[in-house]
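# Give me a 3D structure for the following:
(2 chains)
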Amino acid sequence: AQTVTQSQPEMSVQEAETVTLSCTYDTSENNYYLFWYKQPPSRQMILVIRQEAYKQQNATENRFSVNFQKAAKSFSLKISDSQLGDTAMYFCALLRNQGGSEKLVFGKGMKLTVNP
Amino acid sequence: DAGITQSPRHKVTETGTPVTLRCHQTENHRYMYWYRQDPGHGLRLIHYSYGVKDTDKGEVSDGYSVSRSKTEDFLLTLESATSSQTSVYFCATYPGQGGIYEQYFGPGTRLTVT
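Residues are numbered from 1 along each chain as shown, chains lettered A, B, ... in the order given. Now for the predicted structure:
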């Protein structure tokens, strides 16, 4: 079975600072994808960043970057220069890439508050 | 953004009544999913579809059924709603081809069962 664990239910950070959100996962697959989704108060699920397991290089998207440690099954998200608009729930998710059963497994989420 | 709509967006219903939520997509994606979101649980998969008339259960499927008669529509039915089914329901789609490994989400439906 695949599981995703986000151990920090809530965090806060000052505007312009850097914050790291942690995520660990468990899977027996060798071919999979990891995601961070953001859910602002509007409730819309927004993809922040994606990492392919076969790639050693960590993904980056502007102020967002990940630290992907495949052996440790760890996938943390770093947000640099935090902005008020980053206030949201953040979900880590795992997608197994196997024909016929492409299902996402989510962590329980973490509430991030960016303070002015 | 993928064209995914959900209807209704909000619904209040009474215990024991049937409820159907609709998800409509304009992207011709092969896979469609229904999730529920509850505090402390993240998103949990209810049912999913991997093609027209092809569906399978997720981790929290009890009390729910689904149907997919055409590519663009995926219906979630609560045959007899219970208070434990009060939740926010999300539909998602996934291309399943073209090297795009990302699920796209609808705006969500807030369902309250009284």
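
# where does the chain have low pLDDT?
No chain in the question, so chain A it is. Residue ranges of chain A with pLDDT under 70: A:97-101.

# not quite, I wanted chain B
Those would be B:1-2, if you go by pLDDT under 70 across chain B.

# Do a quick rundown of the strands in it.
B:4-7, B:10-13, B:19-25, B:31-38, B:42-51, B:54-57, B:64-70, B:73-78, B:87-94, B:104-105, B:109-113 (DSSP state E).

# Check which helices and strands the fifth one sits against.
Strand B:42-51 makes packing contacts with strand A:104-106, strand B:31-38, strand B:54-57, strand B:64-70, strand B:73-78 when contacts are defined by 3 or more C-beta pairs under 8 Å, 6 or more residues apart in numbering or on different chains; DSSP states H and E. For glycine as for every other residue, the C-beta is placed from the backbone atoms N, C-alpha and C.

# what residues does the third one touch?
Yep, that's strand B:54-57 we're talking about. B:47-50, B:66-68 (C-beta atoms under 8 Å, 6 or more residues apart in numbering or on different chains).

# on that earlier part again, between the strands of chain B, which one is nearest to residue A:19?
Shortest distance between residue A:19 and the strands of chain B, using C-beta to C-beta, is found for strand B:42-51: 19.6 Å.

# And that closest one, what's buried?
B:42-50 (16 or more other C-beta atoms under 10 Å in any protein chain shown).

# again, but for stretch A:70-88
Those would be A:73, A:75-79, A:82, A:86-88, for stretch A:70-88 by 16+ other C-beta under 10 Å.

# From one end of it to the other, what's the distance?
26 Å (C-alpha to C-alpha, to the nearest Å).

# where's that stretch relative to the chain centroid, distance-wise?
Put simply, stretch A:70-88 sits 6 Å off its chain's centre (C-alpha atoms, centre = their mean, to the nearest Å).

# touching chain A at all, stretch B:106-114?
Yes - Stretch B:106-114 reaches chain A (C-beta under 8 Å from any C-beta of the partner chain) through B:107-108.
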